[in-house]
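K.L.:
sharing a model that was predicted from the sequence below.
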There are 4 protein chains.
Amino acid sequence: MSGTPAFKRLPRAVREQQMLDAAVRVFSRRGFHAASMDEIADDAGISKPMVYAYLGTKEELFIACLHREGARMTAAIAGAAAPDLPADERLWRGLRAFFGFVGGHRDGWAVLYRQARGSQPFATELAAMRNRLVEVVAGMLDHALRARGREVSATDLEVVAYALVGASESLADWLADHPEADPERTAGRMMNIAWLGADRLLHGASWEEGRAPS
Amino acid sequence: MSGTPAFKRLPRAVREQQMLDAAVRVFSRRGFHAASMDEIADDAGISKPMVYAYLGTKEELFIACLHREGARMTAAIAGAAAPDLPADERLWRGLRAFFGFVGGHRDGWAVLYRQARGSQPFATELAAMRNRLVEVVAGMLDHALRARGREVSATDLEVVAYALVGASESLADWLADHPEADPERTAGRMMNIAWLGADRLLHGASWEEGRAPS
Amino acid sequence: MSGTPAFKRLPRAVREQQMLDAAVRVFSRRGFHAASMDEIADDAGISKPMVYAYLGTKEELFIACLHREGARMTAAIAGAAAPDLPADERLWRGLRAFFGFVGGHRDGWAVLYRQARGSQPFATELAAMRNRLVEVVAGMLDHALRARGREVSATDLEVVAYALVGASESLADWLADHPEADPERTAGRMMNIAWLGADRLLHGASWEEGRAPS
Amino acid sequence: MSGTPAFKRLPRAVREQQMLDAAVRVFSRRGFHAASMDEIADDAGISKPMVYAYLGTKEELFIACLHREGARMTAAIAGAAAPDLPADERLWRGLRAFFGFVGGHRDGWAVLYRQARGSQPFATELAAMRNRLVEVVAGMLDHALRARGREVSATDLEVVAYALVGASESLADWLADHPEADPERTAGRMMNIAWLGADRLLHGASWEEGRAPS
DNA sequence: TATGAATGAGGCTTCATTCAT
DNA sequence: AATGAATGAAGCCTCATTCAT
């Protein structure tokens, strides 16, 4: 009655983080649809109307989660792969950071991400994020190609980047499903695959000239 | 009275196919959770209880869709990539069949597949399907490697195959999202990526010996 | 196509018995509401429309079961307790027959009976059956009383008979719930209780004259 | 605005009682299966989700009714039959309280009780309640027997108690079905039956020594 | 700021029952 | 005589969301 507990009447910013933490936990545990606002509020130790007041609708809340976790991941990668490094070094550091992040947030990012694919409401958000990533990768490839005096169409670049990103996501899934696997080692494997393929591409080789279109 | 079959009292086998058709359409249009059994039944031109009688629960229905579409795709690929062909030819034909299938069923397989990832209930089914695919790819790689007198650990093989499959899935997503894109051309791109990378691997190269762990 | 199996096209009477057998089994196994016409038809090895054609509605079917099983029990008791025997001998034989029947049809009569109590639709049927039984018991008591020159109001007789029947039903429940118990022994116990109480009543005794009303 | 409480936003405890009242009414009126949660909610003047929020599933709701009504009845009996009274006085007061309660709640306890028998989900609950009662009665009998220097096997005691309880339940049914009957008088009749039978048993008599197996 | 109370809406599932062959 | 195909109706339950305090 008198001594209000210290964890009440917290400033808005703090509360929002608590809620997002809880939301990420619950969404990961249950999936978007199976997660209930009740459970999220409970898990955050707060009442439901507060969640609505601070973070809006369930969909908005999920998007907020996506945003925060995506930003964290982006930051981790960007911090590791400085733009002034040589291309292969950037790729390697980027991959290591990516798999490290996924491995360290096994029930965070990877799961949210998997939830988001396939549900239209989040398609936009997700596309935006992936596009940022694809652009970065494509930029790296382009940079390296130009350094060697070659040039490729924007679409080709995009597709190759897309494939690399896809392969990485796929290995990230694999990592999330194999708790005993080592993120660093997985990054190494992905690097091998990507770089060997990219390397050949960079040298202008093609699988069978004249056979496959383009 | 005379020519019109009146669409009534059809034999079970026929109705089941109609239902599956409708289910694939609706699941693709709405996503698993947003799809309602009502809409599926409506779309199939039949009453809800029949759907339950023939195909069971909503989950079971979804799995039935997955099975049918998966079997169709598998058949398409298997029919194209005869096992007695050389490895690169098999890969090329398999990829062409895969992307052709996805391109021809843009609202079918690819979408179902995206829905299925991320929801635990279907994880098992999906894992089984993907594993079959991964095994095939891994088999092809292994075959080619041995033909050149090299040998790689099973895990390494699995991971590479996993990455290739992931890249292909990713490009399939891309294809499903770009209605104007050409499946054949996409297959060619994937082939380039895969084969160039694989080729280097086959020759025993590694990104940077001693740098990445393994 | 040619040699129609022997168990098809059976005469109506036989089919009806098969259905009733199945119905009793299923009703006992599941309870009235949880039992489905589908399961009953299946269990009878027959199609649903036949059940409706022969035995009508689900409620009517249940009543038919009640009738048949009730008649069998009544017959068993009546066959054992011949009306020309002395009262105590009749009671003893009747009880022995009753508990023997219940013990021998543990998932038949006892269960149906328990289902029927409590559901209004069958109240009438059940009341009729019980009333027949109560009348018989009351008649036995009355006969014995008059033989000793005493007379009791019809209501009192009914209530006592009702209590005895109730006690027996209760022990029948107990018997149905204790598969290891011996029906004969249970009959003996009930006989003791009934006869000792009745005997005192027959001698005109009352618990505490002037204390309890009547 | 001023005096009318408007029947809204009541505290949980109050609403729960209202719901239980409504549930008892509806279950009694319709039977467990025929009763719909809709009708219960309507009858309670509240929306369905509140019922689920406070009292859970339909089954749980029924059990809650059973509990509350059972507890009330137990309290009524226990309050009347003080343990320091002589056995016959305790029995008489207990019976009077029991029949008084049943008579006063004709659409409550007796009907619920009848519903509960026969449905497996409630068997456990009911068995527990009845067993408590049987134990009390058996205890009374045992106490009286020992006071007279006699001793009976536990099983015999249980069966006799079971029969007495069954007879009482049966008369309670009869009472519920005869709105014009007088509870007190019914209690007197049951007392006569029970006490006279018990009295003989207490004196060591048996229906016919050597005839019935024990 | 914070919350207990409250609900509209909608989804899945099951069944008894009947046609049409 | 017999059945596979078909459905209207209804029930349970859950949830996102909002009042009123």
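P.N.:
Nice, thanks for sending it over.
K.L.:
mind showing which ranges of chain A have poor pLDDT?
P.N.:
Low-confidence segments of chain A (pLDDT under 70): A:1-9, A:196-214.
K.L.:
where's the residue of chain A found nearest chain C, which helix or strand?
P.N.:
Residue nearest to chain C within chain A (Cβ to the nearest Cβ): residue A:34, separated by 28.4 Å. (C-beta placed from N, C-alpha, C; glycine too.) Using DSSP states H and E, residue A:34 maps to neither a helix nor a strand.
K.L.:
quick check: phi and psi on it?
P.N.:
Per-residue torsions, residue A:34: phi -70, psi -20 (degrees, to the nearest 10).
K.L.:
residues touching it, list them.
P.N.:
By Cβ atoms under 8 Å, 6 or more residues apart in numbering or on different chains, residue A:34 lies in contact with nothing.
K.L.:
for it, give its distance to residue A:28.
P.N.:
11 Å (Cβ to Cβ, to the nearest Å).
K.L.:
for residue A:86, same thing?
P.N.:
In terms of Cβ to Cβ, residue A:86 sits 37 Å off from residue A:28.
K.L.:
please apply the same query to residue A:148.
P.N.:
Distance from residue A:148 to residue A:28, by Cβ to Cβ: 43 Å.
K.L.:
looking at the two, which is more packed in?
P.N.:
Higher neighbour count among residue A:148 and residue A:28: residue A:28, with 21 against 10, using other Cβ atoms under 10 Å in any protein chain shown.
K.L.:
the residue of chain A found nearest DNA strand E sits in which helix or strand?
P.N.:
Nearest residue of chain A to DNA strand E: residue A:49, at 2.9 Å (Cβ to the nearest atom of the strand). Element membership for residue A:49 (DSSP H and E) is helix A:48-55.
K.L.:
what does the following helix or strand past that helix contact?
P.N.:
The element immediately downstream of helix A:48-55 (helix or strand, assigned by DSSP H and E) is helix A:58-80. With contact meaning Cβ under 8 Å, 6+ apart, helix A:58-80 is reached by A:19-20, A:23-24, A:27, A:32, A:37, A:40, A:51, A:55, A:93-94, A:96-98, A:100-101, A:105, A:108-109, A:112, A:115-116, A:121-122, A:125-126, A:129, A:132-133.
K.L.:
go back to those residues and keep what's next to chain D.
P.N.:
When contact is defined as Cβ under 8 Å from any Cβ of the partner chain, the contacts of helix A:58-80 do not meet chain D at all.
K.L.:
ok, of the residues you listed, which come out buried?
P.N.:
Applying a neighbour-count criterion of 16 or more other Cβ atoms under 10 Å in any protein chain shown, the buried members of the contacts of helix A:58-80 are A:19-20, A:23-24, A:27, A:32, A:40, A:51, A:55, A:93-94, A:96-98, A:100-101, A:105, A:108-109, A:112, A:115-116, A:122, A:126, A:129, A:133.
K.L.:
give me phi/psi at residue A:151?
P.N.:
Per-residue torsions, residue A:151: phi -140, psi 140 (degrees, to the nearest 10).
K.L.:
residues near it, how many?
P.N.:
Residue A:151 has 9 neighbouring residues, counting by other Cβ under 10 Å.
K.L.:
looking at it, it is touching residue A:145, isn't it?
P.N.:
Yes: between residue A:151 and residue A:145 there is a contact under Cβ atoms under 8 Å: 6.6 Å.
K.L.:
now residue A:109. Nearest residue, chain neighbours left out?
P.N.:
Nearest residue to residue A:109 in three dimensions, chain neighbours excluded: residue A:69, at 4.9 Å (Cβ to Cβ, 6 or more residues apart in numbering or on different chains).
K.L.:
would you mark the buried spots in the helix ranked longest in chain A?
P.N.:
Taking DSSP state H as the assignment, the helix of chain A that covers the most residues is helix A:120-147. Buried positions in helix A:120-147, judged by neighbour count with 16+ other Cβ under 10 Å: A:122, A:126, A:129-130, A:133-134, A:136-138, A:140-142, A:144-145.
K.L.:
find the nearest non-adjacent residue to the closest residue to chain D within chain A, please.
P.N.:
For chain A and chain D, the shortest gap (Cβ to the nearest Cβ) falls at residue A:38, measuring 9.9 Å. Excluding the flanking residues, the one nearest residue A:38 by Cβ to Cβ, 6+ apart is residue A:48, at 6.6 Å.
K.L.:
mind listing what the one you found touches?
P.N.:
A:37, A:38, A:41.
K.L.:
in CSV: the residues you listed, plus distance to DNA strand F.
P.N.:
Output for the contacts of residue A:48, formatted as CSV (distance: Cβ to the nearest atom of the strand, whole Å):
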residue, distance to DNA strand F
A:37, 4
A:38, 6
A:41, 8
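K.L.:
among these, which lie within helices?
P.N.:
Judged by DSSP H, helices contain the following of these: A:37, A:38, A:41.
K.L.:
residues near the last one, how many?
P.N.:
Other residues within reach of residue A:41 by the criterion other Cβ under 10 Å amount to 20.
K.L.:
residues touching it, list them.
P.N.:
Residue A:41 makes contacts with A:22, A:47, A:48, A:50, A:51, as judged by Cβ under 8 Å, 6+ apart.
K.L.:
one more pass at 6 Å, please.
P.N.:
Contacts for residue A:41 were tallied using Cβ atoms under 6 Å, 6 or more residues apart in numbering or on different chains; they are A:48, A:51.
K.L.:
do the same with residue A:172
P.N.:
Contact analysis of residue A:172 by Cβ under 6 Å, 6+ apart lists A:102, A:110.
K.L.:
so where does it fall, helix or strand?
P.N.:
Take DSSP H and E as the rule and residue A:172 turns out to sit in helix A:154-177.
K.L.:
measure the residue nearest to residue A:30 when sequence neighbours are not counted to DNA strand F for me?
P.N.:
Among residues not flanking residue A:30 along the chain, residue A:39 sits closest, at 7.3 Å (Cβ to Cβ, 6+ apart). Distance, residue A:39 to DNA strand F, using Cβ to the nearest atom of the strand, to the nearest Å: 8 Å.
K.L.:
could you chop chain A up by domain?
P.N.:
Chain A breaks down into these domains under automatic domain parsing: A:11-56, A:67-202.
K.L.:
related to what we said a few turns ago, quick check: neighbours shared by residue A:34 and residue A:28?
P.N.:
Common neighbours of residue A:34 and residue A:28 (Cβ under 6 Å, 6+ apart) do not exist.
K.L.:
could you count how many residues lie near the residue nearest to residue A:30?
P.N.:
Residue A:39, neighbours per other Cβ under 10 Å, totals 17.
K.L.:
near DNA strand F, which residues of chain A show up?
P.N.:
For chain A, the contact set with DNA strand F under Cβ under 7 Å from any atom of the strand comprises A:34, A:35, A:36, A:37, A:38, A:48, A:49, A:52, A:57, A:58, A:59.
K.L.:
returning to that earlier point: now, the buried ones among the contacts of helix A:58-80 that are in strands?
P.N.:
If you go by DSSP state E, these have nothing in strands.
K.L.:
would CSV of the domains of chain A with distance to residue C:178 be doable?
P.N.:
Putting those into CSV (distance: least, Cβ to Cβ, whole Å) gives the following:
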stretch, distance to residue C:178
domain A:11-56, 45
domain A:67-202, 51
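K.L.:
out of the ones you listed, which comes closest to residue D:186?
P.N.:
Shortest distance between residue D:186 and the domains of chain A, using Cβ to Cβ, is found for domain A:11-56: 49.9 Å.
K.L.:
centre of the chain to the closest one, how far?
P.N.:
In terms of Cα atoms, centre = their mean, to the nearest Å, the centre of domain A:11-56 is set 21 Å apart from its chain centre.
K.L.:
gap between the two ends of that domain?
P.N.:
17 Å (Cα to Cα, to the nearest Å).
K.L.:
just stretch A:23-42 next, same as before
P.N.:
Using Cα to Cα, the end-to-end distance of stretch A:23-42 comes to 10 Å.
K.L.:
wondering if that stretch reaches DNA strand E at all.
P.N.:
No: for stretch A:23-42, no contact with DNA strand E is found by Cβ under 7 Å from any atom of the strand; the gap never falls below 8.0 Å.
K.L.:
tell me which parts of chain A are close to chain D?
P.N.:
Proximity of chain A to chain D (Cβ under 6 Å from any Cβ of the partner chain) involves no residue at all.
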